[in-house]
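In: Coordinates only, no sequence provided:
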């Protein structure tokens with residue numbers, strides 16, 4: 001395997017990029033399941049992703065970070081639009097579709113990480 005597929009452990013005994021990516025997926029999932037899309041854990045995952053994003057450059061973990069950030073921002077956009085449309089009683093379908101889409105992307109990305117590869121859209 002090449003360095004881009006299996007990056008070395010973080011210098012100084014820190015968490016590996018693989019572990020950090022699992023933590024990010026776990027926080028995202030925890031926040032989503034416990035408090036809805038904008039749970040504190042989900043927001044913590046987004047902060048973690050932005051703080052450690054530069055460390056993943058040149059690795060397939062970068063694709064996972066981008067995947068989760070895109071999931072968050074697109075999900076937030078569609079949830080906001082659907083929320084506005086609920087005022088005229090047609091947004092509930094959009095809220096449901098957004099929830100299903102976010103869960104799908106969360107599971108697809110996490111399973112790709114467990115297989116040691118980038119999410120399918122980034123291969």
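Out: Thanks, I have the structure now. Only a predicted model underlies this, so the values are computations on that prediction, with no experimental measurement involved. Numbers count the residues shown, from 1 in each chain.

In: how much space between the residue of the chain most remote from its centre and residue 19?
Out: Centroid-distance maximum for the chain: residue 88 at 30.7 Å, with Cα atoms, centre = their mean. As judged by Cβ to Cβ, to the nearest Å, residue 88 and residue 19 stand 45 Å apart. (Glycine included, C-beta is placed from N, CA and C.)

In: for residue 67, same thing?
Out: Counting by Cβ to Cβ - residue 67 and residue 19 are separated by 17 Å.

In: where does this protein dip in pLDDT?
Out: 1-14, 36-37, 121-123 (pLDDT under 70).

In: Mind checking which residue lies nearest the centre of it?
Out: Short answer for the chain (Cα atoms, centre = their mean): residue 68, at 2.2 Å.

In: rewinding a little: so for residue 67 and residue 19, which sits in the more crowded spot?
Out: More neighbours surround residue 67 than the other of residue 67 and residue 19, with 25 against 12 (other Cβ atoms under 10 Å).

In: Who are the contact partners of residue 24?
Out: Residues in contact with residue 24 (Cβ atoms under 8 Å, 6 or more residues apart in numbering) are 45, 48, 49, 64, 65, 68.

In: Helix or strand for residue 84, just tell me which one.
Out: Using DSSP states H and E, residue 84 sits in helix 60-85.

In: helices and strands around that helix, which ones?
Out: helix 17-35, helix 40-52, helix 92-114 (3 or more Cβ pairs under 8 Å, 6 or more residues apart in numbering; DSSP states H and E).
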